[in-house]
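Chemist: Attaching a predicted model along with its sequence, questions to come.
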Amino acid sequence: MRSSTVTPPTPTTAPDDPEAVIAAERARIDALDARIVALVRDRMEISETIQRVRIESGGRRVHLAREMEILDHYSSELGSAGRDLAMTLLRLCRGH
Ligand SMILES: C=C(O[C@@H]1C=C(C(=O)O)C=C[C@H]1O)C(=O)O
């Protein structure tokens, strides 16, 4: 089984109260989304460094073979929507 860093469900004082469960689980989603945004920002920074170094040494910003690897990876992990997610990440990281 895949290990997870997701925090366990927050025990509520009234576990059968749907509103309380939804609020607690939404808080977990909000915390995950904050981490995802921070990770995307880290990715953008690293990607920008690679692109800058390559351009400064006479190369091109975009490396299509590497992008295909990333698209294939997300696609095999998460299906076609995962591929779309990778496309969006690449767009964020190379600025277009
Ligand atoms: C970061 C790189 O440069 C560009 C950005 C990529 C990315 O953000 O993953 C991938 C390929 C390149 O188009 C790289 O070549 O690794």
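Modeler: Perfect, thanks for sending it.

Chemist: CA atoms for contacts and neighbours, from now on please.
Modeler: Noted.

Chemist: secondary structure class for the nearest residue to Ile70 once chain neighbours are set aside?
Modeler: Among residues not flanking Ile70 along the chain, Ala86 sits closest, at 6.9 Å (C-alpha to C-alpha, 6 or more residues apart in numbering). Using DSSP: H, G, I helix; E, B strand; the rest coil, the secondary structure recorded for Ala86 is helix.

Chemist: so whichever residue of the chain sits closest to the ligand, which of the three states?
Modeler: Shortest the chain-to-the ligand distance, computed as C-alpha to the nearest ligand atom: residue-wise this is Val62, at 3.3 Å. Using three-state DSSP, the structure places Val62 in coil.

Chemist: residue contacts, it?
Modeler: Contact partners of Val62, counting by C-alpha atoms under 8 Å, 6 or more residues apart in numbering, are Gln51, Arg94.

Chemist: Distance of it relative to Leu90?
Modeler: 10 Å (C-alpha to C-alpha, to the nearest Å).

Chemist: In this protein, where is pLDDT below threshold?
Modeler: Along the chain, segments meeting pLDDT under 70 span 1-4, 10-15.

Chemist: That one: helices as residue ranges?
Modeler: For the chain, the helices defined by DSSP state H cover 18-56, 64-94.

Chemist: Turn those helices into CSV, including distance to Thr7 and mean neighbour count.
Modeler: Shown next, in CSV, are the helices of the chain (distance: least, C-alpha to C-alpha, whole Å; neighbours: other C-alpha atoms under 10 Å):
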stretch, distance to Thr7, mean neighbour count
helix 18-56, 7, 14
helix 64-94, 21, 15
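
Chemist: With distance to Val6 added, can I get the ones you listed in JSON lines?
Modeler: Output for the helices of the chain, formatted as JSON lines (distance: least, C-alpha to C-alpha, whole Å):
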{"stretch": "helix 18-56", "distance to Val6": "8"}
{"stretch": "helix 64-94", "distance to Val6": "18"}
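
Chemist: With distance to the ligand added, can I get these in TSV?
Modeler: Formatted as TSV, the helices of the chain follow (distance: least, C-alpha to the nearest ligand atom, whole Å):
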stretch	distance to the ligand
helix 18-56	4
helix 64-94	5
